[in-house]
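Asks: When you get a sec, could you give me coordinates for this:
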Amino acid sequence: MGAKFLDQTAAIRAGAKAPISARTVNAPVQRGSTVLMPNAASLYEPGQVSYGRAGLQPHAALIEALCELEGATAARLFPNGVAAMTGAMMALLNAGDDVLVVDCIYDPTRRFCNKVLTRFGVTTRYFHPSLTAEEVLALAVPATRMIVLESPGSLTFEIQDVPGIAALARARGILTVIDNTWGAAGLTFKPIGHGVDISVQSLTKYVGGHSDVFMGAALARDAALGQKLDEVVWQMGWGVSPDDAYLMLRGLRTLPTRLERHAASTLDIAAWLQAQPEVMEVICPALPGSRGHALWRRDFLGGNGLLTVVLTPKPQNAVYALLDALRLFGLGFSWGGFESLAIHCDPQLKRRSLDWTYPGPLVRFHVGLEGIDDLKADLRQALDAYAAA
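Replies: Alright, predicted model coming up:
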């Protein structure tokens, strides 16, 4: 340390400048709120990290990896996926703007549009996911600033013509934002490569992969949009911890291997479910013959662990009997972790704006990394409970 200090000073200063002695396979966790600047002139110099909330080494490494996978120019991290979507919208919208939102959007995004954007003078209108790109743009008015997509849609997995909508929107000067959580960090779908302006994902799901950490990301097509994301993160006071950023980066390393297993198991179980007498339809875009498969095959690079079944008509108590009989499929709203999960969908579907009808109850499954035969046995005994209810 040079000059000898009093113990009180040494306890604070000693070891602070120790060099990194070894290189690890992942970026080290760098914790800190205060960032020490090199000189007085740099204290207010723009374009540099001056406070830990802006992100340190693990944040930068995670952003770099996500941008590379999705083909983005810039990205920002958010405390969770909902914050990433709402933050991206707040960054780009102003009072008086009109927003077109696909009606199969994630329910928390719908709540934000209906309960928050309306308070700030932004109008939201919903469109059916089956509309063609031309039909969607025909709904645009002079005030339309943004089109919000989610493909596949939440719960029912409708596929939109993302490249077509993005191209027509760009020609009209309308921004496009997509919830690409299903796309698993760009491994199964790369929206920016299809012309979308902002790709949003909940890293909580497949990137984390272990159902134990929250985070979201918004990735921008160009630097100007990236600057808008920077501004909203800074102005709203959002930030993520370095430990969480490290966990996300660690999860990302095994994502391709995990996702391959999720997708293969899901196709196997989807085909098996089609043959079960209690199942009227299996909705899984990667499954040949499923609704949306043609667009999925055109635009997507792979599948994941999600599918929804339309059951033969029975009352709600039968659906409860099925879910309560499951032993390996836990009952939980999230997905993307190593574990299998299930929820019934109808309460959420009732909140949609347009007319949605299915011949029977809907149950969504996330197929985890357990053994296929064990999962099939669990589903079969649960379907027996449904039939007997």
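Asks: For C284, what are phi and psi?
Replies: For C284, the backbone dihedrals (degrees, to the nearest 10) come out as phi -150, psi 100.
Asks: Can you name the residues that contact it?
Replies: Listed by C-beta atoms under 8 Å, 6 or more residues apart in numbering, the contact partners of C284 are 157, 266-267, 270, 290, 303, 306-308. No exception for glycine: its C-beta is placed from N, CA and C like everyone else's.
Asks: Got the confidence number for it?
Replies: In this model, C284 is scored at 98, pLDDT.
Asks: That one - nearest residue in space that isn't next to it in sequence?
Replies: Distance criterion C-beta to C-beta, 6 or more residues apart in numbering; nearest residue to C284, sequence neighbours excluded, is L307 at 3.9 Å.
Asks: was I right about that neighbour contacting V363?
Replies: No: proximity of L307 to V363 does not meet the contact threshold set by C-beta atoms under 8 Å, at 9.6 Å.
Asks: re the thing from before, tell me which of the contacts of C284 is nearest to S33?
Replies: L306 (38.3 Å; C-beta to C-beta).
Asks: ok, now how distant is the residue lying closest to G96 once chain neighbours are set aside from D97?
Replies: Counting by C-beta to C-beta, 6+ apart, G96 lies nearest to G121, which is 5.7 Å off, once chain neighbours are set aside. Going from G121 to D97 by C-beta to C-beta, to the nearest Å gives 8 Å.
Asks: And those two? Which one has more around it.
Replies: A side-by-side neighbour count of G121 and D97, using other C-beta atoms under 10 Å, places D97 first with 19 against 11.
Asks: hmm, who's touching the helix or strand containing A65?
Replies: Per DSSP states H and E, A65 falls inside helix 57-70. For helix 57-70, contacts defined as C-beta under 8 Å, 6+ apart pick out 26-30, 55, 72-77, 180, 185-187, 190-192, 199, 217, 219, 240, 242, 245-246, 248-249, 252.
Asks: returning to that earlier point: the residue nearest to G96 against L93, yeah?
Replies: No: contact between G121 and L93 fails when scored by C-beta under 8 Å: they sit 9.5 Å apart.
Asks: And the strands in the stretch 151-300 of the chain?
Replies: In the stretch 151-300 of the chain, strands defined by DSSP state E, counting those that start in this stretch lie at 175-179, 198-202, 216-220, 279-283, listed in chain order.
Asks: can you redo those as JSON lines with distance to L137?
Replies: Written out in JSON lines, the entries for the strands of the stretch 151-300 of the chain read as follows (distance: least, C-beta to C-beta, whole Å):
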{"stretch": "strand 175-179", "distance to L137": "11"}
{"stretch": "strand 198-202", "distance to L137": "18"}
{"stretch": "strand 216-220", "distance to L137": "22"}
{"stretch": "strand 279-283", "distance to L137": "27"}
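Asks: I'd guessed L155 sits against C345; true?
Replies: Yes: because the distance of 4.6 Å satisfies C-beta under 8 Å, L155 is recorded as touching C345.
Asks: from the middle of its chain, how far away would stretch 96-104 be?
Replies: Per C-alpha atoms, centre = their mean, to the nearest Å, the displacement of stretch 96-104 from the mean C-alpha position of its chain is 19 Å.
Asks: Kindly report the same for stretch 87-95.
Replies: Here stretch 87-95 shows a centroid-to-chain-centroid distance of 18 Å under the convention C-alpha atoms, centre = their mean.
Asks: Likewise for stretch 313-333?
Replies: If you compare the mean C-alpha spot of stretch 313-333 with that of the full chain, they lie 25 Å apart, counting by C-alpha atoms, centre = their mean.
Asks: likewise stretch 252-264?
Replies: Between the centre of stretch 252-264 and the centre of its chain there are 16 Å (C-alpha atoms, centre = their mean).
Asks: So what touches it?
Replies: Residues external to stretch 252-264 that are found in contact with it (C-beta under 8 Å, 6+ apart): 26, 62, 65-66, 184-185, 187-188, 206-207, 209, 286, 302-305, 338, 367-369.
Asks: Do me a favour and average the pLDDT over it.
Replies: On average, stretch 252-264 scores 97.
Asks: How about stretch 287-298?
Replies: Within the predicted structure, the mean pLDDT of stretch 287-298 is 96.
Asks: Stretch 231-238 too?
Replies: Averaging the model's pLDDT scores along stretch 231-238 yields 94.
Asks: which outside residues touch that stretch?
Replies: Contacts of stretch 231-238 from elsewhere in the structure, counted by C-beta under 8 Å, 6+ apart, are 53-54, 76-79, 83, 87-88, 90-91, 239.
Asks: What is the neighbour count of V213?
Replies: Close neighbours of V213, defined as other C-beta under 10 Å, add up to 21.
Asks: If you could redo that for G360, that was the one I meant.
Replies: G360 - counted by other C-beta under 10 Å - has 18 other residues nearby.
Asks: in terms of contact, does it touch A318 like I think?
Replies: No: between G360 and A318 there is no contact, the gap being 9.9 Å when judged by C-beta under 8 Å.
Asks: Please parse the chain into its domains.
Replies: 53-250, 256-388 (automatic domain parsing).
Asks: Point out the most buried one among the ones you listed.
Replies: Greatest average neighbour count among those goes to domain 53-250 (a mean of 21), per mean count of other C-beta atoms under 10 Å.
Asks: Before I go, just wanted to say thanks for your time.
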